[in-house]
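Peer 1: Based on what follows, work out the 3D shape:
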Amino acid sequence: MSGAAGSEKDILSEDASSNPYAPPGANVADPPDVVVSARPGTVDWALRLLWAAVALGGVFMLFNPSTLKSATAAILVRAIGLLFLTPLVWLTWKIAARRNWARVTWIVVTVMGTLFVLRSPQRVIHLSLLGQANFMLQTGLQWTTVTLLLTPSARRWFKPSIPSA
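Peer 2: Numbering: from 1, shown residues only. The predicted structure is shown next:
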């Protein structure tokens, strides 16, 4: 009996490299997720461009010459147009607050809006010169923002952090 206890003691005291039943020496655990807390520059630029798009849209809606005969109708159309900026403002705030769903929503809305315009290009052709310039500038801002929000650093920043166990 003492021989068996002695051999067990010998196995436990052996060097791990000579014990065939010892666990591997390499780290086999998954590396911890890197939590990125500082907002990357690409997201900062995307937010600047989104705020510029909101401001540009608001200025365009307020100061674009109206073709409507009634002043009341022109004011109503402008008010409704400004209300359409509200979701863009809200999405921009949510993107700044690190909400990935807002980033994805913005990307989907931009893609769908572009597909809508490509399906009916005559809508852009019939705009005034100022309207066409605004459209081109807004489209450029939106697609630049989409590109910035799809960069690896932006995707990492929006990735939800896993709390430590």
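Peer 1: Identify the residues contacting Ala55.
Peer 2: If you count contacts by Cβ atoms under 8 Å, 6 or more residues apart in numbering, Ala55 has none. Any C-beta I mention is one placed from the backbone N, CA and C, and that applies to glycine too.
Peer 1: For it, give its distance to Phe84.
Peer 2: In this view, Ala55 and Phe84 are 14 Å apart by Cβ to Cβ, to the nearest Å.
Peer 1: which SSE is the residue most central in space within the chain in?
Peer 2: Per Cα atoms, centre = their mean, the C-alpha nearest to the average position across the chain is that of Arg103, at 3.1 Å. Here Arg103 is covered by helix 100-119, with elements defined by DSSP states H and E.
Peer 1: for whichever helix or strand comes after that helix, packing partners?
Peer 2: Moving toward the C-terminus from helix 100-119, the next helix or strand (DSSP H and E) is helix 122-125. If you count contacts as 3 or more Cβ pairs under 8 Å, 6 or more residues apart in numbering; DSSP states H and E, helix 122-125 packs onto no helix or strand.
Peer 1: Apply 10 Å and report the result again.
Peer 2: For helix 122-125, the packing partners by 3 or more Cβ pairs under 10 Å, 6 or more residues apart in numbering; DSSP states H and E come out as helix 100-119, helix 129-149.
Peer 1: Check the offset of that helix from the chain's centre.
Peer 2: Per Cα atoms, centre = their mean, to the nearest Å, the displacement of helix 122-125 from the mean C-alpha position of its chain is 30 Å.
Peer 1: Same check on stretch 119-127?
Peer 2: That offset, for stretch 119-127, works out to 29 Å (Cα atoms, centre = their mean).
Peer 1: quick one: low-confidence ranges for this protein?
Peer 2: Within the chain, the set of residues satisfying pLDDT under 70 comprises 1-17, 24, 26-36, 65-68, 161-165.
Peer 1: Any chance you could give me the longest helix along it in CSV, C-alpha atoms only?
Peer 2: Using DSSP state H to define each element, the chain has its longest helix at helix 41-63. Provided in CSV are the C-alpha atoms of helix 41-63 (Å, rounded to 0.1, in the frame of the first residue of the first chain):
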residue,chain,number,x,y,z
GLY,A,41,-11.1,59.4,-35.1
THR,A,42,-13.1,57.8,-37.9
VAL,A,43,-16.3,57.9,-35.7
ASP,A,44,-15.5,61.5,-34.7
TRP,A,45,-15.3,62.5,-38.3
ALA,A,46,-18.5,60.6,-39.2
LEU,A,47,-20.3,62.5,-36.4
ARG,A,48,-19.0,65.8,-37.7
LEU,A,49,-20.2,65.0,-41.1
LEU,A,50,-23.6,63.9,-39.8
TRP,A,51,-24.0,67.1,-37.9
ALA,A,52,-23.0,69.0,-41.0
ALA,A,53,-25.6,67.1,-43.0
VAL,A,54,-28.3,68.1,-40.4
ALA,A,55,-27.2,71.7,-40.5
LEU,A,56,-27.1,71.8,-44.3
GLY,A,57,-30.5,70.2,-44.6
GLY,A,58,-32.0,72.6,-42.1
VAL,A,59,-30.5,75.6,-43.9
PHE,A,60,-31.6,74.4,-47.2
MET,A,61,-35.2,73.7,-46.0
LEU,A,62,-35.5,77.1,-44.4
PHE,A,63,-34.0,79.2,-47.1
